[in-house]
Structure formats: structure tokens, C-alpha cells
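>>> Pasted the sequence and its predicted model underneath.
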Amino acid sequence: MRIQLTGWNTHSTRFVYSPAWTWLPVPGAAAYKVMLADRGGVRISATVADPRWSPDDEWDSLPIGPLDLLILGVDADGEEVCTSLHRRFNKSPGFDGELQEPLDWQDAVRHNLKYLLAPARDEVADY
């Protein structure tokens, strides 16, 4: 048996805001050990009784970039009862407040239409 993520973010790879992780309960697991690490090592370590966890309180202190999530199911004695889960994702920066210059979409449409309506540029073979 192994930890299996559930929920909307199961396959998400980037987060601007703190994700809430949920997983299927593991038979025989009295608790779950959750660790979140970056390249410098483990940043957050927690033990939860229910199969859900979110780094809400610590999210702002985590660096932008890759993060590794590790979840272990343990019994009442702290022994692992299933295969652990490892998940890599990225903490991404949010909107920085700088507005982008408007793009000239009309020129882009004209350029693309000219290309699409031009004669075909395929090579024609004699066979």
C-alpha cells in the first residue's frame, strides 16, 4: 500500500498560494508524518492525524522555486506502514504589480492571415 494523493491539485506542478494536500486514508496508519524541503534541507516537518495538510502558516517563509513533499504513514509506534509519497512542485511568484505594455494584436492577426492566405509553399514532386 502507498500514499495516494486526492483532490484538485494532484497533478499540479506550480503554486502561488499555499496548497492543501489530501490523500486517501491508509489502513493501519495512526498518523502521517509530512515534510517539506527545498535544496537546503527540510523546512517544515509536521505530524497529522487526518489525511490532509497545508503549509498555510509557513508558506510565506518558503523560498520561491522547487519544493519536495514527503508523506509517511506511521502506526501508533511510529513505524512506517506503507510506501511513502514523494512529490516535487514549485512555489511560484505572484503578480509583481508591474503592468505589461499592451501588445499589438491587430498586427499579429494581419501577419498570421497574410501567412495563412498566401500560396502554399510545399515542394511539388513530379511523381
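Sure thing, it's come through. Numbering: from 1, shown residues only.
>>> ranges for the helices of this structure?
Ranges of helices in the chain, per DSSP state H, are 105-117.
>>> Gly65 and Arg88 touch, don't they?
No - between Gly65 and Arg88 there is no contact, the gap being 10.8 Å when judged by Cβ atoms under 8 Å. No exception for glycine: its C-beta is placed from N, CA and C like everyone else's.
>>> Give me the contact list for the lengthiest strand in the chain.
In the chain, with assignment by DSSP state E, the single longest strand is strand 65-74. Strand 65-74 has contacts (Cβ atoms under 8 Å, 6 or more residues apart in numbering) with 3, 21, 23, 26, 28-39, 43, 53, 80-82, 84-91.
>>> Which positions within that strand qualify as buried?
67, 69-74 (16 or more other Cβ atoms under 10 Å).
>>> Tell me which two in the residues you listed are the farthest apart.
Pairwise distances across the buried residues of strand 65-74 peak at 21.9 Å for Leu67 and Val74 (criterion: Cβ to Cβ).
>>> Quick check: end-to-end length of stretch 79-89?
27 Å (Cα to Cα, to the nearest Å).
>>> and that stretch, how far out from the chain's middle?
On the basis of Cα atoms, centre = their mean, to the nearest Å, stretch 79-89 is displaced by 16 Å from the centre of the chain it belongs to.
>>> Pull up the distance across stretch 15-31, start to finish.
26 Å.
>>> which residues of this protein fall in strands?
5-6, 14-15, 21-23, 31-38, 41-48, 52-53, 65-74, 85-91.
>>> Excluding chain neighbours, give the residue nearest to Leu85 in space.
Ile3 (3.6 Å; Cβ to Cβ, 6 or more residues apart in numbering).
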